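Engineer: got a sequence here, can you build the structure:
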Amino acid sequence: MRPRFDARPVLATAFAGAVAIGLVKDLLRTETAGVDFHTYLAAAIVGLHDGWANIYDQALVAAAQRALDAHQWAQPFLSTPPVAVLVAPLAAIRYPDAYLVWAALTMAAFAAALAWSSPYRGPARWLAAGAALVPWWVVHAVHVGQVAPLIAASVVVAWRLLRDERDIAAGAVLGVVLLKPNTAFLVPVALLFIARWRALAAWLAVAAVVAIASFALIGPGGAAAYVQQVTHVPADVLRGAVLLTIAGAFPMSPFLALVLRVAIVAVAAAAMYRYRREPGMAIAVAGIASLLTATYLHGSDLCMFTAVGWIAWHERAEPAWRALIAGIWVLSTPFLDGSALAPALNRWVVCELVVFIAFALDALVRPAFSRRRQALTGWAASGSRAPA
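Structural biologist: Just a heads-up that it's a prediction; the model follows:
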């Protein structure tokens, strides 16, 4: 008998080639490099030279940005103080070199987090991690020098640690979310709903230390400047940061947007509670709900979408889940760039809503349906005669 042909190695090789080509196409994308890192480093330089209480003095930050690279546009520094502290060591080297070091570190951190958190072994682990890096927003985040890949990395590492019952380490790792809270602000809340008390206590301890250290660093004046500027962001800055929000994707009044956000948080809370024995799914639904309810986001923040898909892919092996995640992955690849199939920036909210609805159905509807089916099966079985 002729041996059956095994197509799996051929398919794996073809997929690996597609992933490699996708990453190269992403890396060769022409866009302004380092614009966000440029702002982070400028704030760090202000802190080092003029005092950390002045990192929200936007005139000083703008002057530092022009001194670093006059070809980059100046934008306000509105990140939390730990972001400036994190990049401060890079102020000692030339700006182009500092940017390359930062870009390499953030990309490597996210790749390593994905590979380490996966139960896959051998080449499959790195192939899967490479595929997760293909969506355009990951390399975009690296191009602009965002902290978003670090936020996403912390979420997938925390998921793996929770799965391994290393709760204190998981809570501590989620402290990275404090670099940019709006991207994943509901993820630490998930620890409450799944009753992982040690993880929650660890996160609260880290958050308290970061808050106290930040206040001590920038002082009351710096803290007041930060609050005032975050709550009064200029309209021209917000204009490009609302397309990925509910209000930016769908025309609606501010009141209706608020109602919808509250409804999403309520559904997410119920789903997280139902997932209390599945911490990975609870974290994933918290991540997608964070994206849907944030009031401002950039394309780089969709790195959290990758983290959500990564967790769901590993937690749910059903064909329907795999097809949903794979379909969104295909839409996000650079192969569709410029085609009619590529979603516009504000259409990614629709994809997020589809995934969120899938989580809600899985957490809130499927268990009740399963119980009803079991009850009907049991009732039918009770009417049959037992075997002799």
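Engineer: pLDDT weak spots in the chain?
Structural biologist: 1-12, 30-32, 235-240, 368-388 (pLDDT under 70).
Engineer: mind running it again at 50?
Structural biologist: Applying pLDDT under 50 to the chain flags residues 1, 379-388.
Engineer: quick check, central residue of it?
Structural biologist: residue 304 (1.5 Å; CA atoms, centre = their mean).
Engineer: run the chain-centre distance for the helix or strand hosting that one.
Structural biologist: Using DSSP states H and E, residue 304 sits within helix 303-315. Distance of helix 303-315 from its chain centroid, counting by CA atoms, centre = their mean, to the nearest Å, is 9 Å.
Engineer: residue 316 contacts residue 362, correct?
Structural biologist: Yes - at 7.4 Å, residue 316 counts as touching residue 362 under the criterion of CB atoms under 8 Å. To be clear about C-beta, it is placed using only N, CA and C from the backbone, and glycine gets the same treatment.
Engineer: find residues that contact each of those two.
Structural biologist: residue 281 (CB atoms under 8 Å, 6 or more residues apart in numbering).
Engineer: just to revisit the earlier point, ok, the residue nearest to the centre of the chain touching residue 290?
Structural biologist: Yes - contact criterion CB under 8 Å: residue 304 and residue 290 qualify, at 6.7 Å.
Engineer: give the residues shared as contacts by the two.
Structural biologist: With CB under 8 Å, 6+ apart, residue 304 and residue 290 have common neighbours 183, 184.
Engineer: circling back: by contact count, what packs against the helix holding residue 304?
Structural biologist: Packing partners of helix 303-315 (3 or more CB pairs under 8 Å, 6 or more residues apart in numbering; DSSP states H and E): helix 95-117, helix 123-133, helix 136-144, helix 148-163, helix 279-293, helix 319-332, helix 348-360.
Engineer: what angle sits between that helix and helix 148-163?
Structural biologist: 30 degrees (axes from the mean of the first three to the mean of the last three CA atoms, to 10 degrees).
Engineer: give me the angle between helix 303-315 and helix 279-293.
Structural biologist: Angle of helix 303-315 versus helix 279-293, following the same axes, to 10 degrees, is 150 degrees.
Engineer: show me what contacts the residue nearest to the centre of the chain?
Structural biologist: Neighbouring residues of residue 304 by CB under 8 Å, 6+ apart: 148, 151, 152, 155, 183, 184, 287, 288, 290, 291.
Engineer: let me know the closest of those residues to residue 213.
Structural biologist: Checking the contacts of residue 304 against residue 213 by CB to CB gives residue 151 as the nearest, at 19.2 Å.
Engineer: and the longest helix for the protein?
Structural biologist: Identified as the longest helix of the chain according to DSSP state H is helix 197-231.
Engineer: by contact count, what packs against it?
Structural biologist: Based on contacts counted as 3+ CB pairs under 8 Å, 6+ apart, the elements that helix 197-231 packs against are helix 81-87, helix 167-173, helix 187-193.
Engineer: and residue 367, how many neighbours?
Structural biologist: 11 (other CB atoms under 10 Å).
Engineer: any idea how far residue 174 is from it?
Structural biologist: 27 Å (CB to CB, to the nearest Å).
Engineer: swap in residue 160?
Structural biologist: Taken as CB to CB, the span from residue 160 to residue 174 is 12 Å.
Engineer: now swap in residue 289 and tell me
Structural biologist: Distance from residue 289 to residue 174, by CB to CB: 16 Å.
Engineer: enumerate every residue touching residue 254.
Structural biologist: Going by CB under 8 Å, 6+ apart, residue 254 touches residue 247.
Engineer: just residue 331 next, same as before
Structural biologist: 341, 342, 343, 351.
Engineer: before we move on, what about residue 280?
Structural biologist: By CB under 8 Å, 6+ apart, the neighbours of residue 280 are 159, 162, 163, 311, 314, 315.
Engineer: run through who's touching stretch 140-147.
Structural biologist: Stretch 140-147 has contacts (CB under 8 Å, 6+ apart) with 26, 29, 31-38, 40, 79, 83, 86, 99, 102-103, 106-107, 148-149, 179-180, 298-301, 303.
Engineer: re the thing from before, and the contacts of residue 280, which two are the farthest apart?
Structural biologist: Every pair in the contacts of residue 280 was compared (CB to CB); the two farthest apart turn out to be 162 and 314, at 12.7 Å.
Engineer: neighbour count winner among the two?
Structural biologist: Legend: neighbour count by other CB under 10 Å for residue 162 and residue 314, higher for residue 162 (24 against 19).
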